[in-house]
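# need coordinates for the below:
(chains A, B, C and D)
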Number of protein chains: 2
Amino acid sequence: MSELSKTAHLVLGMIRNGRRTGYDIKRLVEVSTRFFWAASPGQIYPELKRLEAGGLLSRSEEPHGQRVRSVYSLTDDGERALHEWLTGSSDLTFELRNEGLLKLFFADGLSANEAIEVVRAMRAEHEAILNGIRKATPAYRADRKFGYITWLYGLGLHGWVVDWCRQLERDLAEGRVPFEREARDASAAKHR
Amino acid sequence: MSELSKTAHLVLGMIRNGRRTGYDIKRLVEVSTRFFWAASPGQIYPELKRLEAGGLLSRSEEPHGQRVRSVYSLTDDGERALHEWLTGSSDLTFELRNEGLLKLFFADGLSANEAIEVVRAMRAEHEAILNGIRKATPAYRADRKFGYITWLYGLGLHGWVVDWCRQLERDLAEGRVPFEREARDASAAKHR
DNA sequence: ATACTCATGTAAGCTGTTACATGATTCT
DNA sequence: AGAATCATGTAACAGCTTACATGAGTAT
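The predicted model follows:
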């Protein structure tokens, strides 16, 4: 089958982690990978079908009252594809879309108060994300510690951003040139 | 005209900042907003046309040798649309696609060394981004300080990630449960 | 009884990338 | 003279979101 998308690998991984139906995957994504790799049902269900058609997943139907659920598991090929992706060394996608920062980039035409408001809004957003992550605390299990580690990453990263915003708000309120020390450090590192 | 996309606002902002042609915008994007809001020529040129058709930009043709360049500037409507976006309070887009973290999420099936290798690859990627940002040092200008501030954000953010990876590599190498202190803090914050 | 969650999907549409194409201009 | 950069675009496609649709099971 043709090249798998990153989201296809997400689906494979979720199934190996014991998620068995599309709905199961959707629910776990919402409280875990969503914060660094989103996937909507409109993607998950077609992806399951593609992976089945490509022989990486096998589907069986389980009765559930009157209804029948589609339950998936990895084939040997699927297992192999997942492992190859995990241990492979192709370039890692990293993409960011940060509208707050984009506004900030253009804030020179704004008044001091308007600029501070942009930073405040940015901070509020990251605080909301932080709350979402906190609410999604994973149960700690020794055999599944990496879910926990990526959860800590979310807390740390957005915590860093919130602190950065707070610092910038202070600097802007006092009319100070922001982050002078960091600027010196960066420039020093460059000339090393 | 119908609702403007975020990238449309990027184009408006770039033009108000003195970028006048599509090529000009493309070049600046590559060394500045790219790190938090990418935009390819395949988007920029059609967007310029749309904005002109919508009356937010006016186009004039400047001779340049034999060739004619399309030079854009903001109309009053364009100016207004930009300012409304900058000061408006609608939810800010924040999206992340972090393949390294996605691999890490599924690293429980890997050997210790393979897991460490995932973290190392992730760190290498952020170090490369960091280099890209450093190379793109903006000239500091008192009347354009926010471009500088968002540049510092990039250094700070990716610097944080590199440190985080390094710490995790150490913890994994020593078989320690990672980030125990942060976990306690987070849990304490939750129950406050 | 009613509302919520479980469960599965489809269709339309938007955003964005990649790859290609063209030709002028400037630099070395 | 040749290479790099300036400059402008287009077409095909990938990826993803939103909104919608349907209906069963479960809790209050």
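
# which bits of chain A sit near DNA strand D?
With the criterion set to CB under 7 Å from any atom of the strand, chain A comes near DNA strand D through A:5-7, A:38-43, A:64-67. C-beta here means a position set from N, CA and C on the backbone, and glycine is covered the same way.

# can I get those residues in TSV with pLDDT?
TSV is the format used below for the residues of chain A next to DNA strand D (pLDDT from 0 to 100):
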residue	pLDDT
A:5	97
A:6	98
A:7	98
A:38	98
A:39	98
A:40	97
A:41	97
A:42	97
A:43	97
A:64	81
A:65	80
A:66	81
A:67	83
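
# from the residues you listed, pick the one nearest residue A:165.
Using CB to CB, residue A:38 is the member of those that lies nearest residue A:165, at 23.0 Å.

# what separation do you get for that closest one and chain B?
Separation of residue A:38 from chain B (CB to the nearest CB, to the nearest Å) stands at 7 Å.

# nearest spatial neighbour of residue A:165, skipping sequence neighbours?
Excluding the flanking residues, the one nearest residue A:165 by CB to CB, 6 or more residues apart in numbering or on different chains is residue A:123, at 3.7 Å.

# can you tell me the element that neighbour falls in?
helix A:112-135 (DSSP states H and E).

# what packs against that helix?
In terms of contacts (3 or more CB pairs under 8 Å, 6 or more residues apart in numbering or on different chains; DSSP states H and E), helix A:112-135 is packed against helix A:99-105, helix A:145-173, helix B:76-87, strand B:94-98, helix B:180-191.

# give me the phi and psi for the most far-flung residue of chain A relative to its centre.
Distance from the C-alpha centroid of chain A, by CA atoms, centre = their mean, peaks at residue A:66 (36.3 Å). Main-chain dihedrals, residue A:66, degrees, to the nearest 10: phi -70, psi -30.

# repeat for residue A:64
phi -150, psi 80.

# how many other residues sit next to it?
10 (other CB atoms under 10 Å in any protein chain shown).

# let me see the backbone angles for the residue positioned nearest the centre of chain A.
Closest residue to the average C-alpha location of chain A: residue A:36 at 0.7 Å, with CA atoms, centre = their mean. Main-chain dihedrals, residue A:36, degrees, to the nearest 10: phi -140, psi -10.

# which ones are touching it?
A:150, A:153, A:154, B:96, B:97, B:98, B:101, B:102 (CB atoms under 8 Å, 6 or more residues apart in numbering or on different chains).

# show me which of these is closest to DNA strand D.
residue B:97 (6.3 Å; CB to the nearest atom of the strand).

# from residue A:75, how far off is that closest one?
27 Å (CB to CB, to the nearest Å).

# do the same with residue A:68
Counting by CB to CB, the gap from residue A:68 to residue A:75 is 21 Å.

# can you check residue A:113 too?
Taking CB to CB, one finds residue A:113 at 60 Å from residue A:75.

# between those two, which one's more packed in?
residue A:75 (16 against 9).

# so which strand or helix has residue A:44?
Per DSSP H and E, residue A:44 falls inside helix A:41-53.

# any part of that helix near DNA strand C?
Yes: counting by CB under 7 Å from any atom of the strand, DNA strand C has neighbours in helix A:41-53: A:41, A:42, A:45, A:46, A:48, A:49.

# now that helix: buried residues?
A:43, A:44, A:45, A:47, A:48, A:50, A:51, A:52 (16 or more other CB atoms under 10 Å in any protein chain shown).

# ok, back up a step: what sits up against the helix holding residue A:123?
Under CB under 8 Å, 6+ apart, the answer for helix A:112-135 is A:31, A:35, A:100-101, A:103-104, A:107, A:110, A:151, A:154-155, A:158-159, A:161-162, A:165-166, A:168-169, A:172-173, A:175, B:86-87, B:89, B:91-92, B:94, B:146, B:186, B:189-190.

# any quick ChimeraX command for the buried ones out of those residues?
To isolate the buried subset of the contacts of helix A:112-135 in ChimeraX, counting by 16+ other CB under 10 Å, use the following:
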select /A:35,100,101,103,104,107,110,151,154,155,158,159,161,162,165,168,169,172 /B:86,87,92,94,146,186
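
# could you break chain A into its assigned domains?
A:6-87, A:99-191 (automatic domain parsing).

# how about residue A:7: what's its closest non-neighbour residue?
In space, residue A:7 is closest to residue A:39, 5.4 Å off (CB to CB, 6+ apart).
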